[in-house]
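predicted model and sequence below, questions to follow.
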Amino acid sequence: MNRPLPVVVGVDGSEAALRAVDRAAEEAASRGAPLRLVYASRWGRYEGAALAGDLEGPPERVDAAEIVDSAARRARARRPEVPLALVTVAEEPEYVLVRESRTAALLVTGSRGRGGIAEALLGSVSPTVAAHTHCPMIVVRPEHADRARPYGRVVVGVGDGSATSAAVRFAAEVARLQGAVLEAVRAWRQPARETPDAPPAVGDHPRAHELRAAEVLDKALSDVPAGVVARRRAAEGHTRTVLADASYAADLLVVGAERRHRPYGPHIGRVAHGVLHRSACPVAVVPGPE
């Protein structure tokens, strides 16, 4: 029997990271998977050495062992049955988390870190890791109320890109594991007219756009496992706005990462980037085919 891949969570001593530990522990428990608590900071390379321009070293001396131990106590209090592994690495957190994602079922981070110039500042790490992760990644929002109960609703954005199928599969699996309702949402927009009173072109009536969106949703949900309650919703508006609005009634918002390689590095796409900043609930970013 194959051992389940671990759930990996990045920790940095912040309250946001501890909330991420809570979520990661729940995810690991639902999957019957082990949990890896990972602390990474490049300051570890310079312990006892003076840095140029800063004779006293990093302004925020941190005890990596205490940070990881504190996260472990939090995880054990939350889900004592979940096996734990504690990892401390003296490297940039982005590199470490992306590397961990190669052999993980799920990666979890907070959306904010300790502040200052802390190297484990998850608020800046999360978007970078989301653009490179090899497994689904959940970014936990600090504003979202902590919930020990199972999810009530998982919302997944249905787009036209190659990552949509992976996002729907992941969302359906989470809904199955958590006993939640799956809601697939697709935004549509009517093309602008030359003048406000100009009649719509043939096939350009709002109802036609809504029906086409419904067809796409039906196709996206066609492979959802039996037993998962799935609903669909087509809404007019910008995709980022429609999904951000849907997040207020969700326990998890799932989007696909449509990666685009640009001169300054990979990008996860405007929709995923937008909801990471605007969602009222945790966001799962699911990479498409590599």
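Yep, it's here.

surely Ala166 is within a helix?
Yes: under DSSP: H, G, I helix; E, B strand; the rest coil, Ala166 falls within a helix.

remind me which residues of the stretch 51-200 of the chain are low pLDDT?
Within the stretch 51-200 of the chain, the stretches with pLDDT under 70 are 51-62, 112-124, 142-150, 191-200.

now do the helices in it.
Along the stretch 51-200 of the chain, the stretches classed as helices by DSSP state H, counting those that start in this stretch are 64-78, 93-101, 122-130, 164-178.

what sits against the nearest residue to Val155 once chain neighbours are set aside?
Nearest in space to Val155, with sequence neighbours left out and distances taken as C-beta to C-beta, 6 or more residues apart in numbering, is Ala250 at 4.2 Å. C-beta here means a position set from N, CA and C on the backbone, and glycine is covered the same way. Ala250 makes contact with Arg153, Val154, Val155, Glu183, Ala280, Cys281, according to C-beta atoms under 8 Å, 6 or more residues apart in numbering.

what number of residues lie near the last one?
When you say that, I think you mean Cys281. Neighbour count of Cys281, defined by other C-beta atoms under 10 Å: 23.

cool, the second one as well?
Taking other C-beta under 10 Å as the criterion, the count of residues near Val154 is 28.

my guess is it meets Ala249, correct?
No: judged on C-beta atoms under 8 Å, Val154 makes no contact with Ala249 at a distance of 11.2 Å.

let me see the domain layout of the protein.
According to automatic domain parsing, the chain comprises the domains 7-140, 153-287.

okay, those domains, which one's buried deepest?
Mean neighbour count (mean count of other C-beta atoms under 10 Å) peaks for domain 7-140 among the domains of the chain, with a mean of 19.

my guess is Arg186 contacts Asp218. True?
No: counting by C-beta under 8 Å, Arg186 does not reach Asp218; the two are 10.4 Å apart.

anything in contact with each of the two?
Residues touching both Arg186 and Asp218 (C-beta under 8 Å, 6+ apart) are Arg232.

relative to Asp160, how far out is Val271?
Note on Val271: its distance to Asp160, by C-beta to C-beta, to the nearest Å, is 11 Å.

equivalent analysis for Val98, please.
Val98 is 27 Å from Asp160, where distance means C-beta to C-beta.

need the contact list for Val129.
Under the criterion of C-beta under 8 Å, 6+ apart, the neighbours of Val129 are Gly10, Glu94, Leu97, Val98, Ser101, Leu107, Thr109, Met137.

for Gly274, see how far away it is.
In this view, Val129 and Gly274 are 17 Å apart by C-beta to C-beta.

now do the same contact list for Ala33.
Pro4, Leu5, Pro6, Val7, Glu27, Val82, Ala105.

now do the lengthiest helix in the chain against helix 64-78, angle only.
As assigned by DSSP state H, the longest helix anywhere in the chain is helix 15-31. Orientation of helix 15-31 against helix 64-78 (axes from the mean of the first three to the mean of the last three C-alpha atoms, to 10 degrees) gives an angle of 50 degrees.

downstream of helix 15-31, the next helix or strand is which one?
Next in sequence after helix 15-31, counting helices and strands by DSSP states H and E, comes strand 35-40.

on that earlier part again, possible to save the helices of the stretch 51-200 of the chain as JSON lines with distance to Gly32?
Converted to JSON lines, the helices of the stretch 51-200 of the chain look like this (distance: least, C-beta to C-beta, whole Å):
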{"stretch": "helix 64-78", "distance to Gly32": "15"}
{"stretch": "helix 93-101", "distance to Gly32": "19"}
{"stretch": "helix 122-130", "distance to Gly32": "25"}
{"stretch": "helix 164-178", "distance to Gly32": "10"}
